[in-house]
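Student: fold the stuff below for me.
(2 chains)
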2 protein chains.
Amino acid sequence: MTDRSETRWNGWGPQDQADTLGARNEVWTWLARELGMPSLLATPARPLEELAIAPPRLTSEDRDKFVLLLGPDNVRDDKAERARHALGKSYHDLLRLRAGDLSVVPDAVLYPRNAGDVADVLAYAGERRIAIVPYGGGTSVVGGVTANGEGFNAVATLDLSQMARLIGVDPVSGTADVEPGIIGPALEHALNAQGLTLGHFPQSFEYSTLGGWIAHRGAGQQSHLYGRAEDWLIAADLATPRGVLHTRDFPASAAGPRLRDLIPGSEGVFGIITRARVRVRVQPAVKQYSGFLFPDFRSGTAAIRAAAQTGLPAAMLRLSDAQETRFYRTFSELGRNTGLRDWLTGHYLRLKGLDRLPAAMIAGFEGDPAQVRDAAEAFAKIAKANGALALGRKPGKRWYEGRFHGPYLRDPMMDRGVGVDTLETATHWSNLDTLYRAVKEALEAAIAANAPRPGARGVVMCHISHCYPDGASLYFTYIFPRALDGEIAQWRAIKVAASDAIAAHGGTISHHHGVGEDHSQWIVQEKGELGMEILRAIKRTLDPEGILNPGKFFPN
Amino acid sequence: MTDRSETRWNGWGPQDQADTLGARNEVWTWLARELGMPSLLATPARPLEELAIAPPRLTSEDRDKFVLLLGPDNVRDDKAERARHALGKSYHDLLRLRAGDLSVVPDAVLYPRNAGDVADVLAYAGERRIAIVPYGGGTSVVGGVTANGEGFNAVATLDLSQMARLIGVDPVSGTADVEPGIIGPALEHALNAQGLTLGHFPQSFEYSTLGGWIAHRGAGQQSHLYGRAEDWLIAADLATPRGVLHTRDFPASAAGPRLRDLIPGSEGVFGIITRARVRVRVQPAVKQYSGFLFPDFRSGTAAIRAAAQTGLPAAMLRLSDAQETRFYRTFSELGRNTGLRDWLTGHYLRLKGLDRLPAAMIAGFEGDPAQVRDAAEAFAKIAKANGALALGRKPGKRWYEGRFHGPYLRDPMMDRGVGVDTLETATHWSNLDTLYRAVKEALEAAIAANAPRPGARGVVMCHISHCYPDGASLYFTYIFPRALDGEIAQWRAIKVAASDAIAAHGGTISHHHGVGEDHSQWIVQEKGELGMEILRAIKRTLDPEGILNPGKFFPN
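Tutor: Okay, the predicted model is just below:
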């Protein structure tokens, strides 16, 4: 069973994660300058020991019942357990946890052992009006696991970490049956032992779970090859207060709307995934990642579009805009002695016309050697035709090695008065530039308007993270000086400005993070009134008492 | 506007379609022998002129209202219009039409000109409890357009043939906006003019419509490359009695369940598609189809599985079982002087060990020359590794030229006491052989048990029509002597036996034909009780009066 005490309750990674940025003073000096701040402040998180927590609202009768159903070890309500399951890992969540705000916590954390336990808990919780919040890895960045029990007798978080088995593999059909609570590394380890892979590697891979990936309709970094959750999910069992929705595993069917399609994106509001059948593949013999430098974001975008529309089997085509290219390059080289190399590189780039607003790309190819060679060669041609300079495999290797590293940088930044948040959207190709500019401008303006002092500003970066024949996603990362006297209001103002810009300019409110609490106010505009009626009708059918993950997806 | 009087009201193709089989007496002699019949009987269809039809049930007030909404030319209730829109093109439908059974006919046929007309008609029909049956090409083979008005004041068929424009193309995003009533050739013609294609070529292509392809969740013969309807459909407007469900066109999204997924397979019971945004591609420079002969069905299946699981970009891999291979070969060569060639071929096949139960495959590749060459070479290796003999492009070319020809053979057979029907299913690879045997045996047994005389029998053939990484479809064609004293009962007994076998052995009740009236009794078993509750809740939300396409999809 996962020992969650080994990981940070209010941050990313293990308890003893080293602050790798701490020693690099030049980073902080540079960052302060980038943000228009004279200096950065020490803003450490409050330790759990100092904090008060309200007593659990669960009655002793309810608690006894859960103990009877699950066994005493699987019903927990100590402070640490409750605090750890209070929220997810969004910037908004971490702000609250680091400030010691435990006003939203589950009254109990339940650890079901199997689908039968889940069914028992749901049946009892329905009777007693106890809200149930499903919890996989707890890595939601959209408020997907907030222990919201408002209006209920109590709220219990259902931690699925004991339901984490690879149940079996059908090597002929290329499918695997898996329990929802398995985390990425454990799943890949079990599949790799049979020469197989799911190929789903989101940045949260080390801590997030299969059930979470499906529930929030996620995408991995290499989803162009391996598919998004809705592509590799073949069938699932969804436990609901009305019984189990068991969807069938046909490779394709014309027998009406496919019920399986209601499960990706269901975010725990329709039911709890207790078992999934997923498509697996033979592990790729070769993984090859290379760097390219394009004259600008637009030419890089054109190359990705050409590749996606000709069906080029890339694993990943990830293009940073000029700001992100510049920022990461400086960030990684600060304080390193790269003087001569820099001068030479700069000179070369000027010669190539790549010295103005160059956009860096990482192009990844996975498969057997011939497939990888053919695809990489075909892409190199497209890149060249769009003015790119091939940077070789070194940048690709560096990106690949650090591909799960992003979230680890947030805690040290938050320790120093720096806010960092991300959001992502998608639209069709002909609207991509419009959406890109609108969101970037909205973020820059909102950060400036909500900065702690005049002249302070944000760094707003963007990359295309995923591409499709008809469009692509835009992934924004923004770093800004925290307004320490009103951080939640600052976060919200920036979030609202960016989300309104997305909604007004033809983007989806999320390409792969989900809706949760944070995006629910934009969901009506995206789905339409009639669409929301359909989704509410499904909700009422499966969860008539509304106990499942309240406050998520559906706006209040 | 489509002039439906040019096509057969009770059969396939144009009114003046030549009976190409008529002159080939050797075919009929051979077929009688195959079916265990001493001879075949002349069983001509009854001409429309002879038939009686009940007066339309529409009140004059209702009729006037529709005329007011649509204009006088777009409201029709003459006998020919009503007869032509009574049923679809299934064997069951043709049996009834040929016998002159016009007990089920629409009371009026309405021709909306645009989405506004559709909305007006739905609003009025809801008030007046008039059932509405959407009608695209009328080519359903599962009772999808039956003018079932039982329990309603009247039933009107909504013929969408006036809503048949290519509205516009976004060449950057690779998408097209299209009206639902456009038939295959018109759509491809309009797209081809811009160098584009949808690539959706079902056998019904010449007469079926875009809206129909989406509504019944169809697949084209080359869907392996171009995608099924649910793959190429990006967004749609669905007119319902409660207003328009407008789904968004994001290339991907994590903003909850995707409402668009409710439209493919909705079969007119949730609403009427008035506009679709679809993914289009650059027309392939090369189309290359080749034949292979495998030692047996199993080795051919293994080759398809290997290709599908390694992501080989074939357009089509179509494998006939031994019976189908033998039947079509004999059928196409009967009466031709192929004696020496036959002897030589037979001799060669014996040498190669391919003379027992060989299975023929057509492998198709489409794209630019390099893509086609690479994919075709890769597949040839897989085929060879599975014992296949490459037959070259001649069989591929022949198949391609005749790819829409199948339905034309049914009328001449039905004129001569021969029944011919098809059904299709799909399952995962590890279950494919089990399902194949079960359905084949069920069909053979049911045909024998319901034959017109002792010793009469059917010819039951099968091919794999579509493949996926996790499984494949099985397409059965069966030819049998008609039991002239109880043809509907004979049809039903065979249908029930096969469908029960599909349901009992892990197949879907339809891979690409849909549900309609004919498969609705198996839909509960496939979707589950809770799944049906969800689908009924959606139906109630969009169509509270239940006027949309009654009797389809949902079992009575």
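
Student: contacts and neighbour counts: CA atoms only from here.
Tutor: OK.

Student: is residue A:37 in a helix, a strand, or coil?
Tutor: coil (DSSP: H, G, I helix; E, B strand; the rest coil).

Student: so where's chain A uncertain?
Tutor: Within chain A, the ranges that satisfy pLDDT under 70 run A:1-2, A:335-344, A:346-348, A:351.

Student: which segments of it make up each domain?
Tutor: Per automatic domain parsing, the domain ranges recorded for chain A read A:4-162, A:166-282, A:286-403.

Student: for those, which one sits closest to residue B:7?
Tutor: Shortest separation from residue B:7 across these is recorded for domain A:166-282, at 27.0 Å, computed as Cα to Cα.

Student: chain center to that closest one: distance?
Tutor: Centre-to-centre, domain A:166-282 and its host chain are 16 Å apart (Cα atoms, centre = their mean, to the nearest Å).

Student: return the most buried member of the domains of chain A.
Tutor: Among the domains of chain A, ranked by average contacts under mean count of other Cα atoms under 10 Å in any protein chain shown, first place goes to domain A:166-282 (a mean of 23).

Student: which secondary structure state does the residue of the stretch 1-150 of chain A found nearest chain B sit in?
Tutor: Using Cα to the nearest Cα, the single residue of the stretch 1-150 of chain A nearest to chain B is residue A:142, 11.0 Å away. When classified by three-state DSSP, residue A:142 comes out as coil.

Student: do the same with residue A:127
Tutor: Recorded secondary structure, residue A:127: helix (three-state DSSP).

Student: ditto for the one 5 residues further on
Tutor: Residue A:132 falls in the strand class when you classify it by three-state DSSP.

Student: residues of the stretch 201-350 of chain A that sit close to chain B?
Tutor: Within reach of chain B by Cα under 8 Å from any Cα of the partner chain, the stretch 201-350 of chain A has these residues: A:216-218, A:242-259, A:261-267, A:279, A:281, A:309.

Student: which of those fall in strands?
Tutor: Residues of those located in strands (DSSP state E): A:243-246, A:279, A:281.

Student: among those, which one sits closest to chain B?
Tutor: Once Cα to the nearest Cα is applied, the member of those that ends up nearest chain B is residue A:245, at 6.1 Å.

Student: would you confirm that that closest one contacts residue B:531?
Tutor: Yes - using Cα atoms under 8 Å, residue A:245 is in contact with residue B:531, at 6.4 Å.

Student: just to revisit the earlier point, mind checking which of the domains of chain A is nearest residue B:440?
Tutor: Residue B:440 sits nearest to domain A:166-282 of all the domains of chain A, at 19.1 Å, using Cα to Cα.

Student: show me the strands in the stretch 401-550 of chain A, by range?
Tutor: A:418-428, A:459-464, A:467-468, A:471-481 (DSSP state E, counting those that start in this stretch).

Student: using TSV, lay out these together with distance to residue A:224.
Tutor: Output for the strands of the stretch 401-550 of chain A, formatted as TSV (distance: least, Cα to Cα, whole Å):
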stretch	distance to residue A:224
strand A:418-428	14
strand A:459-464	12
strand A:467-468	7
strand A:471-481	11
